[in-house]
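Participant: this is a predicted model, with the sequence first.
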Amino acid sequence: MAKKKKEEVQETIEKTLWKAADKLRKNINAAEYKDVVLGLIFLKYISIAFEKLHAELTAQIDQGADPEDREEYTAENVFFVPPSARWSFLQSNAKQTTIGKIVDDGMDAIEAENPQLKGILPKVYAKQNLDPTSLGDLIDLIGNINFGETKERSADVLGHVFEYFLGQFALAEGQKGGQFYTPRSVVELLVEMLEPHKGRVFDPCCGSGGMFVQSEKFVEEHQGRIDDIAIYGQESNQTTWRLAKMNLAIRGIDSTGVKWNSEGSFLNDAHKDLKADYIIANPPFNVSDWSGDLLRNDARWQYGVPPVGNANFAWLQHFIHHLAPTGQAGVVLAKGALTSKTSGEGEIRKNLIEEGLIDCIVNLPAKLFLNTQIPAALWFMRRKKVPNPKYRNTENEILFIDARNLGHLINRRNRELSKDDIDLIASTYHNWRNVDGEYEDIAGFCASVPVTKVAELDYVLTPGRYVGLPDEEDDFNFVERFTSLKTTLEEQLAREAELNTIIAENLTKIELPKE
């Protein structure tokens, strides 16, 4: 109960802060305002960590400590915040008409003192469309959050606030927002199914870094060591990459391995030699301008050359190329990739299946994604040639899960999976693949299918083809049901006759105008 109450309090802080911050937006669009708000939350976060260590060093001056020595902070993996950028200074100047320039100058000063933040922080606060009064109110709002007991608690709350705001801005931006943010419930499902306890986690289209954050959370929640996870990523949109770097820094996650280049993962693979233990990704669906015509002879296309007009099977083979011998991948793809046969896609899918790379397919509910209404599915792949004592030998089987009927609406356009939904899907997969799991097919939901049967159905991977329809209730009584329906119909017909009589009587009482 205590944990639930704590989560409710946390959620209240996030929602209250969002509503208050959104009211200050006025005529700024969500895409621009996102940089303004998230930049300030990041600044507040690094100020909390800095102030905590600054106080400790100040108390140790007689022992030789120097609270203004940048090296003292570097040694503790804390960002050094110069006086002109400290939150106390910014908040004391929040009512100045020049507050926008003061914040921009502060961001520049932080980057100058911390090379790892060079080019990351937004300098958008002196723009003409950002009212200085609203900016000052926003600084006060973020500065006066009631975080709770300790500095550590404050940092934790700000991490949650940053993540919550990413999701809210993605909702506010709609289709464009979905390009930098994968819905939290989808990320949680991918991570819960893959269970990245230890090793290298890779996302070659990492957006704002949600896959990495959730992977770290998974390790923490299962009493693992964060240092056992190393993250690697790539992003082609520089603004989104900056968000990812801030999102990871606010969590204390080393983002050295998260790279940016404008060419993207296909043309300029930033991690050419990486062999990852886990790949978790949500690549853009059905991309047609992926430069496939320039990569016809690429070494990554081991299972067939992907079509120039669609990158889905290029992504799948890019992921497989980067898997370690015992590596696993969980990725989101448009549902069309389960059945498509055009331009050689069917042959590539057949080769992946015959090679034993496809482990599990999950059919997702509609309306989960912010940027598209295209139906989607999860593909889980793992290299099985190297035996793993933890897993059953499923080389000649594929697990199909049809989760289309799960989830609930959060507004008229968007749906999300609940914690129970995620647990149900993930536990089904774990029970199927783990040596000590207790799995059984459930009609209409899941089925473990031999590859030979998949071959008979022309290598189509749509779960609905294999899981069948849900079993009807065993206690269904036709006579009882028919009698009930007949009685209801008779009552409705009797009521109809009664109403017709009343209407007829009322019509006779109406006096028509005389001619």
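Facilitator: Noted; the coordinates are in hand.
Participant: list the contacts of Trp260.
Facilitator: By Cβ atoms under 8 Å, 6 or more residues apart in numbering, Trp260 lies in contact with 234-236, 238, 241. All C-beta atoms are positioned from the backbone trio N, CA, C, and that covers glycine.
Participant: quick one: which of those residues is the most crowded by neighbours?
Facilitator: Glu235 (27 neighbours; other Cβ atoms under 10 Å).
Participant: quick one, phi psi at that residue?
Facilitator: Main-chain dihedrals, Glu235, degrees, to the nearest 10: phi -150, psi 140.
Participant: contacting residues for the spatially closest residue to it that is not a sequence neighbour?
Facilitator: Spatially, and ignoring its direct neighbours in sequence, Glu235 is nearest to Trp241 (4.1 Å; Cβ to Cβ, 6 or more residues apart in numbering). Applying Cβ under 8 Å, 6+ apart to Trp241 gives the contacts 235, 258, 260.
Participant: hang on, the earlier thing: and the two most separated of the contacts of Trp260?
Facilitator: Within the contacts of Trp260, Gln234 and Gln238 form the most distant pair, 12.1 Å apart (Cβ to Cβ).
Participant: closest one of the contacts of Trp260 to Ile398?
Facilitator: Nearest member of the contacts of Trp260 to Ile398, counting by Cβ to Cβ, is Gln234, at 29.0 Å.
Participant: what comes up buried for stretch 420-434?
Facilitator: Buried residues in stretch 420-434, counted by 16 or more other Cβ atoms under 10 Å: 421-422, 424-426, 428-430, 432-433.
Participant: quick one: end-to-end distance for stretch 426-439.
Facilitator: 12 Å (Cα to Cα, to the nearest Å).
Participant: residue boundaries of the strands in the stretch 401-515 of the chain?
Facilitator: With DSSP state E, counting those that start in this stretch as the criterion, the stretch 401-515 of the chain has strands at 408-409, 415-416, 446-450.
Participant: can you check the chain too?
Facilitator: Secondary structure of the chain by DSSP state E: the strands cover 199-203, 229-235, 258-260, 276-281, 323-334, 358-363, 376-382, 397-402, 408-409, 415-416, 446-450.
Participant: and the third one, which strands flank it?
Facilitator: If you go by DSSP bridges, strand 258-260 pairs up with strand 229-235 (parallel).
Participant: now the angle from the strand it pairs with to strand 276-281?
Facilitator: 40 degrees (axes from the mean of the first three to the mean of the last three Cα atoms, to 10 degrees).
Participant: list the buried residues in strand 229-235.
Facilitator: Buried residues in strand 229-235 (16+ other Cβ under 10 Å): 229, 231-235.
Participant: thinking again about what came up before, any idea how far Val161 is from the residue nearest to Glu235?
Facilitator: Applying Cβ to Cβ, to the nearest Å, the value for Trp241 to Val161 is 21 Å.
Participant: what do you get for Asn237?
Facilitator: Distance from Asn237 to Val161, by Cβ to Cβ: 23 Å.
Participant: more neighbours: which of those two?
Facilitator: Taking other Cβ under 10 Å, Asn237 and Val161 do not tie; Val161 has more neighbours (25 against 17).
Participant: can you get me a residue count around the closest residue in space to that one that isn't next to it in sequence?
Facilitator: Sequence neighbours aside, Glu14 is the residue nearest to Val161 in space, at 5.6 Å (criterion: Cβ to Cβ, 6+ apart). As a burial measure, Glu14 scores 19 neighbours (other Cβ under 10 Å).
Participant: check Arg25 too.
Facilitator: Other residues close to Arg25 by other Cβ under 10 Å number 17.
Participant: what about the longest helix in this protein?
Facilitator: helix 478-508 (DSSP state H).
Participant: what about it, distance to the chain center?
Facilitator: 53 Å (Cα atoms, centre = their mean, to the nearest Å).
Participant: give me the low-pLDDT residue ranges for the chain?
Facilitator: When residues are selected by pLDDT under 70, those of the chain lie in 1-11, 146-156, 174-179, 371, 385-387, 471-481, 512, 514-515.
Participant: redo that, cut-off 80
Facilitator: Within the chain, the ranges that satisfy pLDDT under 80 run 1-13, 26-27, 145-160, 173-180, 223-226, 370-372, 384-388, 470-486, 508-515.
Participant: sorry, back to before: turn the contacts of Trp241 into CSV, columns for distance to Ile410.
Facilitator: As requested, those are exported to CSV (distance: Cβ to Cβ, whole Å):
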residue, distance to Ile410
Glu235, 26
Val258, 29
Trp260, 31
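Participant: so which of the strands of the chain comes closest to Phe482?
Facilitator: strand 397-402 (30.8 Å).
Participant: that closest one vs strand 358-363, what angle?
Facilitator: Using the same axes, to 10 degrees, strand 397-402 lies at 10 degrees relative to strand 358-363.
Participant: I would like the residues contacting strand 397-402, please.
Facilitator: With Cβ under 8 Å, 6+ apart, strand 397-402 has contacts from 353, 358-363, 425, 428-429, 432-433, 444-451, 454, 461, 463-464, 466-467.
Participant: give me the number of residues near the closest residue to Asn129 other than its chain neighbours?
Facilitator: In this structure, Asn129 finds its nearest non-sequential neighbour in Ile28, 5.9 Å apart by Cβ to Cβ, 6+ apart. Residues lying near Ile28 (other Cβ under 10 Å) number 17.
Participant: surely Ile28 meets Leu130?
Facilitator: Yes: using Cβ atoms under 8 Å, Ile28 makes contact with Leu130 at a distance of 6.6 Å.
Participant: overlap in contacts of these two?
Facilitator: Val36.
Participant: nearest the geometric middle of this structure, what residue?
Facilitator: Nearest to the centroid of the C-alpha atoms of the chain, with distances taken as Cα atoms, centre = their mean, sits Thr182, at 3.2 Å.
Participant: excluding its backbone neighbours, what's nearest it?
Facilitator: Per Cβ to Cβ, 6+ apart, closest to Thr182 is Asn282, 4.4 Å.
Participant: need phi/psi at that neighbour.
Facilitator: Torsion angles, degrees, to the nearest 10, at Asn282: phi -130, psi 80.
Participant: now it: how far from Arg383?
Facilitator: 21 Å.
Participant: ok, now Ser448?
Facilitator: 20 Å.
Participant: residues in contact with His322?
Facilitator: Here His322 is in contact with 202, 204, 271, 274-276, 279 (Cβ under 8 Å, 6+ apart).
Participant: as TSV, those residues with neighbour count and distance to Gly106 would be great.
Facilitator: As requested, the contacts of His322 are arranged in TSV below (neighbours: other Cβ atoms under 10 Å; distance: Cβ to Cβ, whole Å):
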residue	neighbour count	distance to Gly106
Phe202	29	34
Pro204	26	34
His271	17	33
Leu274	18	36
Lys275	14	41
Ala276	24	37
Ile279	27	38
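Participant: and the furthest pair within those residues?
Facilitator: Pro204 and Lys275 (13.1 Å).
Participant: and for the residue lying closest to Gln317 once chain neighbours are set aside, the neighbour number?
Facilitator: Excluding the flanking residues, the one nearest Gln317 by Cβ to Cβ, 6+ apart is Arg300, at 5.2 Å. Residues near Arg300, counting by other Cβ under 10 Å, number 16.
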